[in-house]
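**Student:** Structure here, sequence nowhere to be found:
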């Protein structure tokens, strides 16, 4: 009987021990499982946290590209930014001219998880560029050989590739500013305030007046009646608004309000401030060619020596083009000296002169050409400029009271080149981007299939 009780107690003890071991094992398994679950949840949370931070970086870059005030970061790539929280690092690198890649690497708060997102976008920047291929602060006398906004004169096949180059007007002029009383701007004046032998060549339109903005002239409605203001006075065309709060030109002080001159309308600063920056010897952003100095090299030789990175060129006096400095053009039988390219356009100012070309020689500017009156030998301000032989791919502007071209096939000593301007928004946008002007508009679109978050 005693033996039976002993065996029963042993069995109970064994069962209790086994149950205890099983309980411990179950509890341990539950604990390990819970720890693994917690770790999985924690990893998921930290990974999600890193992903959200990476997305925040992408969002920041997109907002910068979309905002004209900050879109200038695209002018100097690659770009990198790390916020003070160190939760992400963002980069922008350029793929080609209008496409960039955004990369954002996000971190979890404890730094244990890292996620990287990449995205490619097309970007577009819009600047306060001229609204017409030709703008003048006076009258213009253009003969039948002149062309505006037609084809790619003086530009080879590779560089004639820009799209969407429609201008608001083909001519902007202030003919009321004319003080010259002699030829060539007097004579058979049209209602447009310009002398044109063949308007169809110039405008290529039956309604030429619709393509011409005459500063100071009365605004007319569709019935050709004057447009009146609130006080019943006739309204007149003014220089196009510069949006001067966003315009910039060599860090000069910006004008406020509506522009009163062509210079202000173009650059958003007064002509005095602009000229001070152009002529300042310490301003290393401007290349200067002074043709009024004695024994100066030919203008084309001096231009050829300018560093390619220089965007702005200021020429004083007549710029003579040496035939030996020109290259044969694929689009013309004549030789032409070209300043700038589509990829690196130039802002060229000529004060008190114009391009002087030898027979069968021409001059071309890819970018913007701005003609400024100087003083003659007697100290009087010049009022007339000859634009014969000049071709511009971008936009041309003249401050002269009279801007005219000359082309005489019978003149064997003449330039044998006609005047031509082709409006090119792409070239002008690139020019404004190169000399650091803030944009007045910006935007982007996604490159389809480029999003990567793995």
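**Tutor:** In hand now; what should we look at? It should be emphasised that the depicted structure is a prediction, and the values quoted were computed from it without experimental measurement. Residues are numbered from 1 along each chain as shown.

**Student:** right, and the helix or strand after the helix ranked longest in the chain?
**Tutor:** Scanning the chain for the longest helix, with DSSP state H as the assignment, gives helix 2-66. Under the assignment DSSP states H and E, the closest C-terminal helix or strand after helix 2-66 is strand 79-81.

**Student:** neighbouring strands for that following strand, and are they parallel or not?
**Tutor:** Strand pairing for strand 79-81, using DSSP bridges, gives strand 88-96 (antiparallel).

**Student:** got the buried residues for the next helix or strand after the strand it pairs with?
**Tutor:** The first helix or strand that comes after strand 88-96 along the chain, using DSSP H and E, is strand 99-107. Residues of strand 99-107 classed as buried by neighbour count (16 or more other C-beta atoms under 10 Å): 100, 101, 102, 103, 104, 105, 106, 107. C-beta here means a position set from N, CA and C on the backbone, and glycine is covered the same way.

**Student:** right, and the last one touches residue 82 too?
**Tutor:** No - here residue 107 does not reach residue 82: they are 10.5 Å apart, not a contact under C-beta atoms under 8 Å.

**Student:** tell me, what's touching the two both at once?
**Tutor:** By C-beta atoms under 8 Å, 6 or more residues apart in numbering, residue 107 and residue 82 have these common neighbours: residue 88.

**Student:** quick revisit: which helices and strands sit right next to the longest helix of the chain?
**Tutor:** If you count contacts as 3 or more C-beta pairs under 8 Å, 6 or more residues apart in numbering; DSSP states H and E, helix 2-66 packs onto strand 88-96, strand 99-107, strand 114-126, strand 441-446.

**Student:** now, among the buried residues of strand 99-107, which is nearest to residue 451?
**Tutor:** residue 102 (10.0 Å; C-beta to C-beta).

**Student:** The closest one and residue 433, how far apart?
**Tutor:** 19 Å (C-beta to C-beta, to the nearest Å).

**Student:** Also residue 422?
**Tutor:** Distance from residue 422 to residue 433, by C-beta to C-beta: 20 Å.

**Student:** by how many degrees do the longest helix of the chain and strand 114-126 diverge?
**Tutor:** 10 degrees (axes from the mean of the first three to the mean of the last three C-alpha atoms, to 10 degrees).

**Student:** chain center to helix 2-66: distance?
**Tutor:** From the chain centre to the centre of helix 2-66 is a distance of 59 Å (C-alpha atoms, centre = their mean, to the nearest Å).

**Student:** ok, which stretches of the stretch 101-250 of the chain are helices?
**Tutor:** 199-203 (DSSP state H, counting those that start in this stretch).

**Student:** any low-confidence regions in it?
**Tutor:** 144, 150-166, 176-211, 222, 242-248 (pLDDT under 70).

**Student:** Now do the strands in it.
**Tutor:** With DSSP state E, counting those that start in this stretch as the criterion, the stretch 101-250 of the chain has strands at 114-126, 134-136, 139-142, 147-148, 171-173, 195-196, 212-214.
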